[in-house]
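# sequence and computational prediction follow.
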Amino acid sequence: MNVWGIHMGEKVGSSPLDNNYVGIGWVKLGNLQKNSQSRDKLKKVLLEMYLDIKKGAIPQNAGVLFRFVNEIQPKDIIIYPSKDRMVNIGLVVGKYIYVEVDEHDYPNHLPVQWLGSFPRSDFSQSALNEIGAALTLFSVKSNSNEFLHKVDLNKKDVSPNVDNENIDDDSLTESISYQAEQTTEDFIIKQLHTKLDGYDFEYFVAHILVCMGYKARVSSKSGDGGVDIIAHKDELGFELPIIKVQCKRSITLNGEPEVNQLLGALGDGEYGLFVNLGSYSRPARLIERNKAKLRLIDGDELVDLILQNYHKLSPKYRALLPLKQIYVADLS
């Protein structure tokens with residue numbers, strides 16, 4: 001058994017988890033088995049098909065493609081940190097598959113049986129750093145036992161992986177920048193989750209809305225019908241639109257029932273805002289897509305709002321979230 005980490009772009013959405021696979025792109029290369037007999041052949045094909053690729057990145061990209069097709073084996077473990085702040089752990093259950101038509105442009109698949117999905121806060125910062133963004137596909141070594149323990153697997157069953165590919169300078173810089181952002185997000189989410197109770201969190205969200213230019217008041221602790229905050233633009237709250245806000249301090253998924261509860265509390269000219277520290281299920285996101293008066297804010301988006309309005313936060317909340325502005329390379 002080897003333990004691998006993989007990153008997939010945001011556009012794949014929940015498809016890998018819904019359809020039990022992990023995948024990589026490189027659409028122009030077609031079926032990777034045609035050219036994966038050696039890394040040298042893959043390097044040549046990459047140069048021919050991707051004219052704008054940086055030469056320093058070719059060896060590492062060829063290594064990723066070669067490993068994906070040839071080295072990952074059934075019964076290996078895959079760690080997939082998804083964009084909803086969850087760490088997904090799966091068991092590889094088959095060999096490489098090329099999918100002729102893939103709506104997300106990730107046609108190269110490995111079938112996976114997912115063993116569990118866990119919030120990032122369940123893991124140490126060292127483990128989170130190891131599954132950072134240095135490579136699309138990489139070996140997990142130092143913290144493999146921490147991930148395996150979550151799905152009741154033993155370290156003794158793990159074989160030593162070969163070394164990861166050398167990373168070119170641009171990819172390394174991008175990885176460091178990404179990890180700095182992720183570490184800050186992890187810190188903010190952890191502070192809000194551990195230092196605030198549910199009612200305190202409602203007051204915090206109300207404060208963020210005030211920083212954004214709204215008037216906001218927190219509802220009473222009981223009998224709120226799923227509405228925790230009322231927000232509006234005018235001083236007295238008589239003018240439409242009225243925003244009804246539901247807050248959940250949860251760091252896992254919120255689903256369709258919670259979202260529908262908020263929708264049921266909305267009247268004419270009222271809008272619903274759901275804020276949590278985790279993420280939302282696919283059915284919940286589908287409801288948002290079809291309801292113009294509904295907005296779902298997850299942990300990542302809340303962190304963005306906090307960073308955008310940090311200079312407006314009260315001293316109380318700046319003490320809760322002590323941050324210092326730094327500049328990191330933007331290679332996007």
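Sure thing, it's come through.
# C-alpha from now on. contacts and neighbour counts both.
Fine.
# can you give me the buried ones in stretch 321-329?
Within stretch 321-329, the residues that count as buried by 16 or more other C-alpha atoms under 10 Å are residue 321.
# show the end-to-end separation of stretch 74-92, please.
End-to-end span of stretch 74-92 (C-alpha to C-alpha, to the nearest Å): 5 Å.
# any idea of the mean pLDDT in that stretch?
Stretch 74-92 shows a mean pLDDT of 94.
# what residues does it touch?
1-8, 10, 13, 73, 93-95, 110-120, 131, 147, 151, 252, 278-280, 298-300 (C-alpha atoms under 8 Å, 6 or more residues apart in numbering).
# restricted to strands, list the residues you listed.
Assigned to strands by DSSP state E, the following of the contacts of stretch 74-92 qualify: 3-6, 110-119, 279-280.
# now flag whichever of those is closest to residue 54.
Ranked by distance to residue 54 (C-alpha to C-alpha), these are led by residue 6 at 21.4 Å.
# what domains does the record give for this structure?
Split into domains by automatic domain parsing, the chain comes to 3-167, 191-320.
# can you tell me who residue 3 pairs with across the strands?
Bridge pairing for residue 3 (DSSP bridges) gives the partners residue 77.
# quick one, grab the pLDDT at it.
95.
# residue 124 and residue 8: what is the separation?
Relative to residue 8, residue 124 is positioned 22 Å away (C-alpha to C-alpha).
# oh sorry, the question was meant for residue 254
Separation of residue 254 from residue 8 (C-alpha to C-alpha): 22 Å.
# which one of these two has more residues nearby?
Taking neighbours as other C-alpha atoms under 10 Å, residue 254 and residue 8 compare with residue 254 leading, 23 against 19.
# contacts only, for the more buried one.
By C-alpha under 8 Å, 6+ apart, the contact list for residue 254 reads 276, 278, 279, 280, 281, 284.
# residue 28 touches residue 48, doesn't it?
No. Residue 28 lies out of contact with residue 48 (C-alpha atoms under 8 Å); the separation is 10.3 Å.
# burial count for residue 54?
Residue 54 has 11 neighbours, counted by other C-alpha under 10 Å.
# brain fart, residue 197
11.
# ok, now how distant is the residue most central in space within the chain from residue 16?
Residue closest to the mean C-alpha point of the chain, counted by C-alpha atoms, centre = their mean, is residue 83 at 1.9 Å. As judged by C-alpha to C-alpha, residue 83 and residue 16 stand 12 Å apart.
# just residue 240 next, same as before
Residue 240 is 41 Å from residue 16, where distance means C-alpha to C-alpha.
# the two: which has the busier surroundings?
Using other C-alpha under 10 Å, the more surrounded residue of residue 240 and residue 16 is residue 16, with 20 against 13.
# please, a ChimeraX command that selects the buried ones among the contacts of residue 254?
Selecting the buried subset of these in ChimeraX, with 16+ other C-alpha under 10 Å as the burial test, is done by:
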select :276,278,279,280,284
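# looking at the contacts of residue 254, which is nearest residue 22?
Nearest member of these to residue 22, counting by C-alpha to C-alpha, is residue 281, at 18.9 Å.
# and the helix or strand harbouring residue 58, what's its mean pLDDT?
Taking DSSP states H and E as the criterion, residue 58 maps to helix 58-66. Mean pLDDT, helix 58-66: 91.
# which parts of that helix are buried?
58, 59, 60, 61, 62, 63, 64, 65, 66.
# which strands or helices does that helix pack on?
Helices and strands touching helix 58-66, by 3 or more C-alpha pairs under 8 Å, 6 or more residues apart in numbering; DSSP states H and E, are helix 39-49.
# now the helix it packs on and helix 58-66, what's the angle there?
110 degrees (axes from the mean of the first three to the mean of the last three C-alpha atoms, to 10 degrees).
# send the alpha carbons of helix 39-49 over as PDB?
Extracted in PDB, the C-alpha atoms of helix 39-49 (Å, rounded to 0.1, in the frame of the first residue of the first chain):
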ATOM      1  CA  ARG A  39       8.800   9.500 -18.900                       C
ATOM      2  CA  ASP A  40      11.000  10.500 -21.800                       C
ATOM      3  CA  LYS A  41       8.200   9.800 -24.300                       C
ATOM      4  CA  LEU A  42       5.800  11.800 -22.100                       C
ATOM      5  CA  LYS A  43       8.200  14.700 -22.000                       C
ATOM      6  CA  LYS A  44       8.400  14.700 -25.800                       C
ATOM      7  CA  VAL A  45       4.600  14.600 -26.200                       C
ATOM      8  CA  LEU A  46       4.200  17.500 -23.700                       C
ATOM      9  CA  LEU A  47       6.600  19.600 -25.700                       C
ATOM     10  CA  GLU A  48       4.800  18.900 -28.900                       C
ATOM     11  CA  MET A  49       1.200  19.400 -27.600                       C
END
